[in-house]
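>>> No sequence on hand, only this structure:
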């Protein structure tokens, strides 16, 4: 469950994200974000010990500035997400958790560092990966491939 204030933060974040990604590449656009957000909320229904507000905010912002579109810079996404969250008045501990999730949610392998894999990170990561399965995942792969020539 989220509080009324947390719901306000979530609603504002959804508006900001939709506006920011309205012209994004189709595999990483608002519709992808919305599907991941729905998946995350479905997982949250079973994983009741996770902080729901953190999960929803991270699901909404996980691709706000994907490194694939920013010369591989892994810090643009967390920084942009933090700026949006600060603008709407989200508390710093939640901003730090959301930034951590965005920094580590990616599909790419090769990470050798040990990270704090919180329940919230696992939920957002699973929600994102669910959107990469099946027909939607195939369509997203072709869309991104076409985008990158």
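Ah, there it is. Small disclaimer: the values here were computed from a predicted structure and weren't measured.

>>> Counting residues, what is the longest helix that the protein contains?
helix 4-20 (DSSP state H).

>>> tell me which residues of the helix or strand that comes right after that one are tucked away?
Heading C-terminal from helix 4-20, the first helix or strand you meet, by DSSP states H and E, is helix 30-44. For helix 30-44, burial by neighbour count (16 or more other C-beta atoms under 10 Å) applies to 30-37, 39-40, 43-44. C-betas here are computed from N, CA, C, even on glycine.

>>> which residues does residue 126 contact?
39, 43 (C-beta atoms under 8 Å, 6 or more residues apart in numbering).

>>> quick one, helices of the chain?
4-20, 30-44, 52-61, 76-87, 92-104, 119-130, 134-147.

>>> Give the buried residues for the first one.
Of the residues in helix 4-20, those buried under the neighbour-count criterion (16+ other C-beta under 10 Å) are 6, 9-10, 12-14, 16-17, 20.

>>> burial of the closest residue to residue 86 other than its chain neighbours, as a residue count?
The spatially closest residue to residue 86, leaving aside those adjacent along the chain, is residue 95, at 6.5 Å (C-beta to C-beta, 6 or more residues apart in numbering). Using other C-beta atoms under 10 Å, the number of residues around residue 95 comes to 19.

>>> do residue 46 as well
Neighbours of residue 46 using other C-beta under 10 Å come to 8.

>>> what's the spacing between it and residue 88?
28 Å (C-beta to C-beta, to the nearest Å).

>>> Please apply the same query to residue 133.
32 Å.

>>> Quick check on the two: which one has the bigger neighbour count.
residue 88 (15 against 9).

>>> Next, give phi and psi for that one.
phi -100, psi 0 (degrees, to the nearest 10).

>>> hang on, it packs against residue 15?
No - between residue 88 and residue 15 there is no contact under C-beta atoms under 8 Å: 9.4 Å.
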